[in-house]
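Colleague: next one to model:
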Amino acid sequence: MAAKSIISRPVYGTLSPQPGKHHLFVADAEGALAITDLAAKAPDGFFADAHIIFIPGNEGQHVAALEALKPAQLYQGPSFASALPRLKQTLANAHMGLRLYLAGTEGLIGQAMQVALEAGIDHTSIQTEHRGSLARRVQCVHCKGITENVTTQPATCSHCGLLLLVRDHYSRRLAAFQGVCINAEDRSEIPPTEEIFR
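Modeller: Next comes the predicted model:
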């Protein structure tokens, strides 16, 4: 018998070029490869009105590949937080029929999806593709703090210091997985830490 999938887990697809005049791409790190793969299937002139918001990460890879697509606009930011004002403004000024493409880590996809839905973008106009790290964005259910880029099980909350069991339950509202204290009964019980979400 196959294990049941967690209902709250997001399901990602593969980016594909959609008909429309306006295309907005939001990606981080390896998400750029999803954009270049889409470009190989896109008709000529597809990127003429495209806007790419890209967070390259520490290595700064894939920028040249995105520049080669000759998008109307290419913004590079050091973090999602730094790109957030630009994303919000772009969505606020969006024309009817905007196509939104999100690619990269779950943290980026979840946060960008949250912003798009708040801006009134119809979810049927949004495509997602997971690429790169499986690191999770985790909300501590005790202090409500968010810890970014969690790769271990258990993980330490960066806000209150509790040792958290990172659950597979995903909150779309928070764009984060849920973390619950793993040793609430006896704080001296510290299970071994394993790198699970690479």
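Colleague: could I get the full set of strands for the protein?
Modeller: Listed in chain order, the strands of the chain (DSSP state E) span 23-28, 50-55, 73-76, 99-104, 126-130, 136-140, 146-150, 152-153, 155-156, 163-171, 176-181, 194-195.
Colleague: would you give the sheet partners of the last one, along with the direction of each?
Modeller: In this case it means strand 194-195. strand 152-153 (antiparallel) (DSSP bridges).
Colleague: how far does the partner strand sit from its chain's centre?
Modeller: Remark: strand 152-153 is offset 19 Å from the chain centroid, using Cα atoms, centre = their mean, to the nearest Å.
Colleague: quick one: contacts of that strand?
Modeller: By Cβ atoms under 8 Å, 6 or more residues apart in numbering, the residues outside strand 152-153 that reach it are 165, 166, 193, 194, 195, 196, 197. From N, CA and C alone the C-beta is placed, and that goes for glycine too.
Colleague: how about stretch 66-74?
Modeller: Under Cβ under 8 Å, 6+ apart, the answer for stretch 66-74 is 25, 32, 35, 36, 39, 47, 48, 49, 50, 51, 52, 54.
Colleague: of those residues, buried ones?
Modeller: Among those, those classed as buried by neighbour count (16 or more other Cβ atoms under 10 Å) are 25, 32, 35, 39, 47, 50, 51, 52, 54.
Colleague: how about the first one, what does it touch?
Modeller: Contacts for residue 25 were tallied using Cβ under 8 Å, 6+ apart; they are 35, 50, 51, 52, 53, 54, 71, 101, 102, 103.
Colleague: please identify which pair of the contacts of strand 152-153 lies farthest apart.
Modeller: Taking Cβ to Cβ, the two most distant members of the contacts of strand 152-153 are 165 and 195; they sit 15.2 Å apart.
Colleague: who's more crowded, those two?
Modeller: Ranked by neighbour count (other Cβ atoms under 10 Å), residue 165 and residue 195 place residue 165 first, with 15 against 8.
Colleague: residues near the closest residue to the more buried one other than its chain neighbours, how many?
Modeller: Excluding its sequence neighbours, the residue lying closest to residue 165 (Cβ to Cβ, 6 or more residues apart in numbering) is residue 182, at 4.1 Å. Counted with other Cβ under 10 Å, the neighbours of residue 182 add up to 17.
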